[in-house]
Structure formats: structure tokens, C-alpha cells
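>>> Have a look at this prediction, sequence included:
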Amino acid sequence: MSHGKIRADKTCLNCGHLVEERFCPHCGQENTETKQPFHYLFTHFIEDFTHYDGQFWKTIRYLLLNPGRLTKEYLTGKRQTYVAPVKLYIFISFITFLLPSLFSGSEEYDDKQNKKEITAKELKEKQTEEKITKFTDSLALQLKSKNIKNQKPETYKDAKITEVNGNDIETDALSETNDGKMSVLGATNMKQFDSLYAKKVSDRRVFDFLRPFASKVFHLQDQGLGKEEILNRFSETFIHTLPKALFVYLPIFAFFLWIFHNKKKWWYFDHGIFTLHYFSFLLLGILILIFFNRFLDMIPDNIFVSVLQILAYMGGVIYIFIYFFIAHHRVYESSRGISLLKGFLLLIINFIGIMCMLLLLMYISFMMMH
């Protein structure tokens, strides 16, 4: 509830009706003073959403620990006691999208600060080591190339070496060169990629499929990014885009529920409420796992931390599956056998659908990196 000061005038400023208590009985507007301190802009938002009477925290508790009850309560008409499903999903989706990006931004700042703290002596030693490594690697590569060219044609073919612009390049789909760069089908730039494309007449479909990826990888490497930085940017972009992709999948998930249940008893609206609550639970679970992982990152690596991390992820995945079956059984009130059968079919269908969505999301996330 808001703690704003109540106006002495009992006339509602919104509709003009008499307000005997705090809220207008006609339009519902709170009869508080129009002039408020600046901090009221922020405290009012928090109070309006969480409703310090326990509405928000009760909703979160039921969402996490009582599968299906929130949906069942809402469908039976008990709606004022809990946060509305759409409002709940948008809020959880917002914090899932926002908070990890804030923490990743602070980590990038810390990394930059740590890099600045490297002394000139350490930098000079590092450069010397790199020169020695490059020299030895170059010498080894020349000897290897000379030995391969002196071998029989069959042996040379088995070595999987292709000469592009005078350079010997491995023809793996995605690999890392000696200088730390990423190569696509053996090429480290678009010129080499196009040269390989001209020679590989029978494999041009593979080249056509990988061309957008190659172009993106080479563009990022031209900007000075290494393999680790590219992969980090990809993971961050993927995590930030995931809530949006889940939102797009909401009506599809509800549609599959609609197909498997009685159309007269259960409307598409009912399946939509179940879907909103379940996906809110998924997002909140993802957020909890992200912060749990960030917390473990602050602890020095040891066997106990590694085992704890594995157990936490396994427990989270198992709970997500069990949660769906319990919630489905409670909401749709079917027998356990029928509920299990429908639940397994729905999970298999949606697993295929979500995997297709994730593959598409991975492609979009990779292409959206900058």
C-alpha cells in the first residue's frame, strides 16, 4: 500500500465522487496529495508492484514452491490476492534480462582495470615470450610443411592440408590457429574463404551455409577480438535474447496445451494463464541459477565447488521437469496416469519446439553480436 498523505478534501480528483476512505469507490484512484517528494517516484513503483501487504511475495512463494496452485487460484477467481500473470511475467522477464547484464558490465570493467595494472616489466616479458613462441612455431610449421611436401601423394592427402594463397591451412570446419585466431573451413579471412570456395566444387553447400558465420567471425577478429572474447560476447547476447524468445514461444506452448485438453472445459485463455505462470517460473529459475553461478565464480576453484555446481544444475533441471507434471496434474485435475501421459507427450513436443527455437536463437544471437 502507498504511504502518501491523504488529502483533506474528500472529492476524488479523477472522477469527482465522494471518497470516504483512502480509495475512491467509483474509479479506485487513491486520494493522496498531488505534490510528493522526489523519492516518491521510485518508492511508489515498488509499493505498487510488491504491495507490502504480501501480494508479491506470496505470489513468488507459490510460483517457486507450490506448482500449479497459483494458476488454480487465479482460474477459480482469486485474482486480487496475487500479481496478475502478465504483469508477473513481464516483471520477471525484465529483471532476468537486466540484472545479468549489469553484473557482466561490472565484470568487464574489473577486467579492464586488472589489465591496466600490468607493469611495464611484465608486459615486456610477455612480448618477449610471444616472439620466441612465434619463432619456434614458425620454424616447426616450415619443417612440417617441407616434410609433408616430400611425402607420397597418398600421405599428403591424409594430412588434410590445403594450400591457399601460398599458405598451408587445415580444413577443419571450425578450429583455432597457432596465433589464437578462429578459422572456418581452414580460412582465417574472407579472401581465403572465397579461394577455398572456388576450389571445393563438391562442398559448396557447406561453404554457402557457413558463409554468414565466417563473415561475422572474420569481422570480429578484424576488430581485434580473440576466440575467448567472441565466445563470451555470443553467450551474453544469447542470454539477453532468451527472455524475448521465450515470450514469442508462449502462444505456441499454450496452443499445444489447448490441443491435448477438452475444448469445452478448458479455453485457450486458461492454457495461456498456465503458460504464463510456468514460463515465469522458468525465467525465475534461470535467474537464480545465473546468480548462483556468479556466486560460485567468486569462490576459488576446488573439487567441492565443482561438485556443488554440477549438483545444482542437475537439481534445477530435475525440478523443472517435476514441477511441470505436478502443476499440470493439479490444474487440469485429470487422473495421474492420463496426466503423466499427456505431460510426457507435451514435454516431448515442446522439447523439439524449444530446441528448434534455441537453434534459431543461437543463429540470431551470433549474427547480432557487435
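Happy to help now that I have it. Numbers count the residues shown, from 1 in each chain.

>>> going forward, measure contacts between C-alpha atoms and count neighbours the same way
Will do.

>>> Leaving out sequence neighbours, find the closest residue to residue 187.
Spatial nearest neighbour of residue 187, excluding adjacent residues (C-alpha to C-alpha, 6 or more residues apart in numbering): residue 193 at 5.1 Å.

>>> And for the one you found, the neighbour number?
20 (other C-alpha atoms under 10 Å).

>>> And the pLDDT at it?
Listed pLDDT for residue 193 reads 71.

>>> Which of the helices or strands spans it?
Using DSSP states H and E, residue 193 sits in helix 190-199.

>>> And residue 9, by the same measure?
Here residue 9 is assigned to no helix or strand, by DSSP H and E.

>>> Numbering from 810 from now on, please.
Done: numbering now begins at 810, and the last item shifts to residue 818.

>>> how close does it sit to residue 1085?
42 Å (C-alpha to C-alpha, to the nearest Å).

>>> what about these two, which has more around it?
A count of neighbours by other C-alpha under 10 Å puts residue 1085 above the other of residue 818 and residue 1085, at 24 against 12.

>>> hang on, that one packs against residue 896?
No. When contacts are counted by C-alpha atoms under 8 Å, residue 1085 is not listed as touching residue 896 (9.7 Å).

>>> ok, which stretches of the protein are helices?
Assigned by DSSP state H, the chain shows helices spanning 849-859, 864-874, 878-884, 894-925, 929-958, 962-967, 999-1008, 1013-1031, 1036-1069, 1077-1106, 1112-1141, 1145-1177.

>>> and the closest residue to residue 824 other than its chain neighbours, how many neighbours does it have?
Ranked by C-alpha to C-alpha, 6+ apart and with sequence neighbours excluded, the top spatial neighbour of residue 824 is residue 836, at 6.9 Å. Counted with other C-alpha under 10 Å, residues neighbouring residue 836 total 12.

>>> Now do residue 836 against residue 818, distance only.
Separation of residue 836 from residue 818 (C-alpha to C-alpha) stands at 17 Å.

>>> what does residue 1059 give?
47 Å.

>>> same thing with residue 1153?
In terms of C-alpha to C-alpha, residue 1153 sits 60 Å off from residue 818.

>>> what residues are up against residue 1081?
Applying C-alpha atoms under 8 Å, 6 or more residues apart in numbering, we find residue 1081 in contact with 1059, 1060, 1063.

>>> follow-up on the earlier one: in the helix holding residue 1002, what's buried?
Neighbour counts over helix 999-1008 (16 or more other C-alpha atoms under 10 Å) mark 999, 1001, 1002, 1005, 1006 as buried.

>>> Please convert these to a markdown table, extending it with distance to residue 1074.
Below are the buried residues of helix 999-1008 laid out as a markdown table (distance: C-alpha to C-alpha, whole Å):
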| residue | distance to residue 1074 |
| --- | --- |
| 999 | 59 |
| 1001 | 62 |
| 1002 | 59 |
| 1005 | 61 |
| 1006 | 59 |
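
>>> and of those, the nearest to residue 1028?
Of all these, residue 1028 sits closest to residue 999, with 9.1 Å by C-alpha to C-alpha.

>>> you'd agree that closest one is up against residue 1025?
No. With contact defined as C-alpha under 8 Å, residue 999 does not reach residue 1025; the gap is 10.0 Å.

>>> got the domain boundaries for this protein?
874-916+1038-1177, 928-1032 (automatic domain parsing).

>>> Would you mind measuring the gap between the ends of the first one?
Which is domain 874-916+1038-1177. Domain 874-916+1038-1177 has an end-to-end distance of 36 Å (C-alpha to C-alpha).

>>> and that domain, what's its mean pLDDT?
Domain 874-916+1038-1177 comes out with an average pLDDT of 86.

>>> Over to stretch 823-838?
Averaged over stretch 823-838, pLDDT sits at 86.

>>> For it, measure first residue to last.
Taking C-alpha to C-alpha as the measure, stretch 823-838 stretches 7 Å from start to finish.

>>> In it, which residues are buried?
By neighbour count on 16+ other C-alpha under 10 Å, the buried set for stretch 823-838 is 828, 831, 832, 833.

>>> from the residues you listed, which single one is nearest residue 905?
When these are ranked by distance to residue 905 (C-alpha to C-alpha), residue 832 comes first, at 33.4 Å.

>>> How much space separates the closest one from residue 1141?
Residue 832 is 37 Å from residue 1141, by C-alpha to C-alpha.

>>> Could you count how many residues lie near residue 1015?
Neighbour tally, residue 1015, other C-alpha under 10 Å: 13.

>>> Relative to residue 999, how far out is it?
15 Å.

>>> same deal with residue 828?
Taking C-alpha to C-alpha as the measure, residue 828 falls 72 Å from residue 999.

>>> Next up, phi/psi of residue 890, please.
phi -80, psi -20 (degrees, to the nearest 10).

>>> do residue 1075 as well
When read as degrees, to the nearest 10, the backbone of residue 1075 gives phi -120, psi 120.

>>> For it, which non-adjacent residue is closest in space?
Nearest non-adjacent residue to residue 1075 (C-alpha to C-alpha, 6+ apart): residue 1067, at 7.5 Å.

>>> Touching, that neighbour and residue 1082? I think so.
No. Residue 1067 is beyond contact range of residue 1082, at 11.8 Å (criterion: C-alpha under 8 Å).

>>> residue contacts, residue 838?
Residue 838 is in contact with 821, 823, 832, counting by C-alpha under 8 Å, 6+ apart.

>>> could you redo the last one with a cut-off of 6 Å?
By C-alpha atoms under 6 Å, 6 or more residues apart in numbering, the contact set of residue 838 is residue 832.

>>> ok, it to residue 832 distance?
The spacing between residue 838 and residue 832, counted by C-alpha to C-alpha, is 6 Å.

>>> One more: residue 1004?
Distance of residue 1004 to residue 832, computed by C-alpha to C-alpha: 74 Å.
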